[in-house]
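Visitor: okay, here's the prediction I keep looking at, along with the sequence it came from:
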Amino acid sequence: MEKKLSKSSNGNGKLLSHKQYKAKGKRMRLRKLVSYGIFVLAIVISCGLTTIARGFDIPPPPQKVEFAQRTSDLMLATLFAALTQEFDETTPQNVEEGKDSISLIFNDKNKDMRLVGTLQPLEESDRPRDAFERQAHSLALAGGQAYTSVERVNGDWYYRRSIPLSNFRAECALCHTNFAPGPTNDWVGALMLRVPIDK
């Protein structure tokens, strides 16, 4: 029985048997197939990552923003009720307890509600912390203008709003001794609220 020889060589000038020639062809086709598969997989992965990255930049839909806005309205009503209760119970005799109570309500660890200002008594954490708070604070002091925004903070979407604060109660001057006896129309800071928006 004769062996069939192919006309291809193995690179050394020697002729390959038909069996060797077929095996070499299979290996080459397999290499091409694997290379093509890797190429297609790389394209699919890059397209997927691009889509995911773009998804993080897409603002939340209007109905989700409206839900967050309504939540912030309830949050404001709750906080205002607590502050009003605090003011109703604050006297010259318990003003230090009142300061502690307000500080506990507006705990620095809670980033979703903050009293922001630049007038004493003041902690460093009471100052505006970011571009939103600086703009909101400026608008509050310049004439009592509220400010809202939908923006990403550390990768999460939030509905943010500010409520300008004036020296609107006589009790304000008990803690803020540099304020004129109130109530007055002097704008003194802003209440900052933020509500997470689920996408």
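Guide: Received it, and whenever you're ready, just let me know what you need.
Visitor: those helices in the protein, which residues are they?
Guide: Under the criterion DSSP state H, the chain contains helices at 18-57, 62-89, 95-105, 131-141, 172-175.
Visitor: could you dump the ones you listed into a markdown table with distance to Pro183 and mean neighbour count added?
Guide: (Glycine included, C-beta is placed from N, CA and C.) As requested, these are exported to a markdown table (distance: least, C-beta to C-beta, whole Å; neighbours: other C-beta atoms under 10 Å):
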| stretch | distance to Pro183 | mean neighbour count |
| --- | --- | --- |
| helix 18-57 | 45 | 10 |
| helix 62-89 | 11 | 14 |
| helix 95-105 | 17 | 13 |
| helix 131-141 | 17 | 18 |
| helix 172-175 | 8 | 18 |
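Visitor: do you know which of those lies nearest Ala190?
Guide: Smallest distance to Ala190 across the helices of the chain (C-beta to C-beta): 4.0 Å, for helix 131-141.
Visitor: may I have the closest one as CSV, with CA atoms only?
Guide: Output of helix 131-141 as CSV, limited to C-alpha atoms (Å, rounded to 0.1, in the frame of the first residue of the first chain):
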residue,chain,number,x,y,z
ALA,A,131,-21.1,72.9,44.4
PHE,A,132,-24.8,72.3,45.0
GLU,A,133,-24.6,73.5,48.6
ARG,A,134,-22.4,76.5,47.8
GLN,A,135,-24.9,77.6,45.1
ALA,A,136,-27.9,76.9,47.3
HIS,A,137,-26.4,78.8,50.2
SER,A,138,-25.6,81.8,48.1
LEU,A,139,-29.1,81.9,46.7
ALA,A,140,-30.6,81.6,50.2
LEU,A,141,-28.5,84.5,51.6
